[in-house]
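J.: Sequence first, then the predicted structure, then my questions.
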Amino acid sequence: MFAYIICTIFAGLALLLYARNPYFFKDLSYMISVLKVVLRMGKILRQKPFYSILDAFLDKVAKQPHKKFIVFEESSYTYSEADRLSNKVARALRTHGRLQEGDTVALFVGNEPHFVWLWLALAKLGCVASLLNHNIRSKSFLHCFSCCEAKVLVAGADLREATEEVLPTLREQGVQVFILSDDCNVEGIESLCDKIQQASDEPLSPQLRINIHLKSPAVYIYTSGTTGLPKAAVIKQEKIWMTSFLQFIVGVRSDDILYLYLPLYHSAGFLMGLCGAIENGITVVLKRKFSASHFWNDCRKYNVTVIQYIGEIMRYLCNTPKRDNDKDHKVRLAMGNGIRADTWAHFLQRFGDIDIQECYGATEGNVGFINYIGKIGAIGKENLIHKMGCSYALIKYDTEKEEPVKDPRGFCIEVSKGETGLLIAKITKRSPFSGYAKNSQQTEKKKLRDVFVKGDLYFNSGDLLMIDNEGFVFFQDRIGDTFRWKGENVATNEVADHLLMVNCIEEANVYGVKVPGNEGRIGMAALKLRENMDFDSKATYQHVKNHLPSYARPRFIRIQDALVVTATYKQMKGKLAEEGFNPAVITDPLFYLEDNKGYVPMTQEIFNSIAEGRVRL
Ligand SMILES: *[C@@H]1O[C@H](CO)[C@@H](O)[C@H](O)[C@H]1NC(C)=O
């Protein structure tokens, strides 16, 4: 009887709460997942000696040695095989690279199993891996490489040319360079695969990594943050743990199979994908890169149940020709970031009932959101437990002056529900901001002080968000000197620096413009030419083609007599970005970068075919 009354009371209470909040049960189940993670984190934090993601991997090796860990092309590797292979790599690097605990090694390797073995090997040696973007070349490469003071570079076999290009500088700096091949006849580059072959697969002593703790850097991941050249975000062991649990929170189970084609040098692929997979002990189907035409066939072939995405990918998939077997697959969950509302609806309708878990967070950030409700268009949902763990706010922001709006006392002002504001999050022990390697200036730039009271300290996300009455979070725009295109951050200053190397260009202002039907912004540059010189389209094309990855090349060029600056001589980007690239509106000469051809004068016809989606950028 008593139990019956209790049950009735609870049921009544639940109904009441549900009536007031239709998301009550999903809110509750999210809270329970987060609580479980908090408890596990607590246990990890108390463990002595420190329990790292590598230890989690080794536990999985002991528990499920014969379970598949990495599936790649026609090969697959069990947890135990991955363990032994990484032992060999660790031994080869320790002997021939003379590595010691705390050393940094730069990995210039694409998505292939070697990447995983190398990272595990470095973890076994207590070393830090610096995850270089393998699309970067020459000057950008050297800039990124110098961020983290690596003493050893390991390059993929397919990246030999790019490595040779920077070899003289690396040798000057005394960097030891290895390439993943069996032999190499280039002076200054040593082959690594033969050395791995010869090394023993015996486990390495944990003594080699005895000093690693929660606050030790684990990897460096490059991000442009919101300003300047790429910076190496310091990913500490604690951050690896926090992001590894994301998979669990969004509902990935230990019997899932993850399809991982996102670059392993970014946080989405590496932290949420690979580290999360290890935490869960699941199988990863690793792909060199995304292919729209192979995507679903792969999912069928490998029995994939979980996919990761960035918004563009979902649109590419929706743009492929319809097939009868579109819904014939086992994918039940998609986790990622940046899917647009129209693509989301289209995707579900076409590929079936897939649980889409849209997440928001920056590599170096200390705040994130998850849209666990599945509300189309939102990047997250506020939740009580989340607010308790991390103190964040949206503040009023002046986009033309590019600074927060202050009240008469000089403090920031929180926006009301439904209004757009800049996301900031309090920097605390529980939600730390580790900053960028060897770049205190840029680290300082991401901090906001004296925000609501004297002496407080916040992380500036650089993103403008809006939170509605129900607590759903929506992305509005990104401020500052970067924009996103094809899932990559483009630093406007870096692109401008390259344009300035072209003889005819005196000044360059780079910004991102919106293209109908596309996520993010594509690159555009306003240029002032040197006196009495014409725009040299050939030289400009040659230079950007040789020095910038394709996603960073300005797609549109606008020639101006003088570049507009603010009162403080900062270049105006907002207004130019809004004006876009329509020749019917802009009277300045415009150029368009045609694939494999170069810069050609912009015409109304080109504009129309882009606007109508006939030409894909
Ligand atoms: C996928 O699942 C089917 C049925 O459960 C099974 O027969 C097949 O061997 C699996 N394929 C792979 C690559 O594991």
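T.: Structure's in. What do you need?

J.: shaky segments in the protein?
T.: Segments of the chain classed as low confidence (criterion: pLDDT under 70) are 1-19, 224-229, 400, 565-571.

J.: Counting residues, what is the longest helix that it contains?
T.: helix 24-46 (DSSP state H).

J.: Buried ones in that one, by neighbour count?
T.: For helix 24-46, the neighbour count (16 or more other C-beta atoms under 10 Å) marks 26-28, 30, 33-34, 37, 44 as buried. Every C-beta, even on glycine, is put in place using the N, C-alpha and C of the backbone.

J.: Which secondary structure elements does that helix sit against?
T.: helix 2-20, helix 237-244, helix 246-250, helix 384-389 (3 or more C-beta pairs under 8 Å, 6 or more residues apart in numbering; DSSP states H and E).

J.: Touching it from outside, list them.
T.: Outside helix 24-46, the residues that touch it by C-beta atoms under 8 Å, 6 or more residues apart in numbering are 14, 17-18, 21, 51, 214, 241-242, 245, 248-249, 251, 370, 372-373, 381, 383-386, 389.

J.: Now with 7 Å, please.
T.: With contact meaning C-beta atoms under 7 Å, 6 or more residues apart in numbering, helix 24-46 is reached by 17-18, 21, 51, 214, 241, 245, 248-249, 372-373, 383-385.

J.: and if you look at stretch 420-428?
T.: So stretch 420-428 is contacted by 366-367, 390-397, 404, 415, 431, 433, 448, 451, 456-461, 463-466, 476, 479 (C-beta under 7 Å, 6+ apart).

J.: if we go to 6 Å?
T.: Applying C-beta atoms under 6 Å, 6 or more residues apart in numbering, the contact partners of stretch 420-428 are 366-367, 390-397, 415, 433, 448, 457-461, 463-466, 476.

J.: Residue ranges of each domain in the chain, please.
T.: Following the assignment in automatic domain parsing, the chain carries domains at 2-46, 79-236, 389-477, 480-611.

J.: What segments of the stretch 251-400 of the chain are strands?
T.: According to DSSP state E, counting those that start in this stretch, the stretch 251-400 of the chain carries its strands in the segments 257-260, 283-286, 306-310, 333-337, 355-361, 368-371, 380-381, 392-395, 397-398.

J.: For the first one, which helices and strands make contact with it?
T.: Applying 3 or more C-beta pairs under 6 Å, 6 or more residues apart in numbering; DSSP states H and E, one finds that strand 257-260 contacts strand 283-286.

J.: Report all helices and strands that the strand it packs on contacts.
T.: strand 68-72, strand 257-260.

J.: Partner strands of the last one, with direction?
T.: Note on strand 257-260: by DSSP bridges, its sheet partners are strand 283-286 (parallel), strand 306-310 (parallel).

J.: and these as TSV, adding distance to Leu422 and mean neighbour count?
T.: Below are these laid out as TSV (distance: least, C-beta to C-beta, whole Å; neighbours: other C-beta atoms under 10 Å):
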stretch	distance to Leu422	mean neighbour count
strand 283-286	36	24
strand 306-310	23	26
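
J.: Let me know which of these is the nearest to Ile610.
T.: strand 306-310 (21.4 Å; C-beta to C-beta).

J.: Let me know the secondary structure of Lys528.
T.: Assigned with DSSP: H, G, I helix; E, B strand; the rest coil, Lys528 falls in the strand class.

J.: What separation is there between it and Asp561?
T.: For Lys528, the distance to Asp561 equals 7 Å [C-beta to C-beta, to the nearest Å].

J.: Tell me which of the two has more neighbours.
T.: Ranked by neighbour count (other C-beta atoms under 10 Å), Lys528 and Asp561 place Lys528 first, with 15 against 7.

J.: Skip the chain neighbours and tell me the closest residue to the more buried one.
T.: Glu507 (4.1 Å; C-beta to C-beta, 6 or more residues apart in numbering).

J.: Distance check, the one you found against Lys486.
T.: From Glu507 to Lys486 the distance is 27 Å (C-beta to C-beta).

J.: How about Ala539?
T.: Distance from Ala539 to Lys486, by C-beta to C-beta: 25 Å.

J.: out of the two, which sits in the more crowded spot?
T.: More neighbours surround Lys486 than the other of Ala539 and Lys486, with 19 against 16 (other C-beta under 10 Å).

J.: which ones are touching the more buried one?
T.: Neighbouring residues of Lys486 by C-beta under 6 Å, 6+ apart: 312, 551.

J.: Take the strands paired with strand 257-260 and lay them out in JSON lines including distance to Asn503.
T.: Formatted as JSON lines, the strands paired with strand 257-260 follow (distance: least, C-beta to C-beta, whole Å):
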{"stretch": "strand 283-286", "distance to Asn503": "44"}
{"stretch": "strand 306-310", "distance to Asn503": "37"}
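
J.: Let me see the ranges of the helices in the stretch 451-600 of the chain.
T.: Along the stretch 451-600 of the chain, counting by DSSP state H, counting those that start in this stretch, helices occupy 492-499, 537-547, 574-579.

J.: circling back: would a markdown table of the helices and strands packed on strand 283-286 with distance to Asn87 be doable?
T.: Putting the helices and strands packed on strand 283-286 into a markdown table (distance: least, C-beta to C-beta, whole Å) gives the following:
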| stretch | distance to Asn87 |
| --- | --- |
| strand 68-72 | 14 |
| strand 257-260 | 23 |
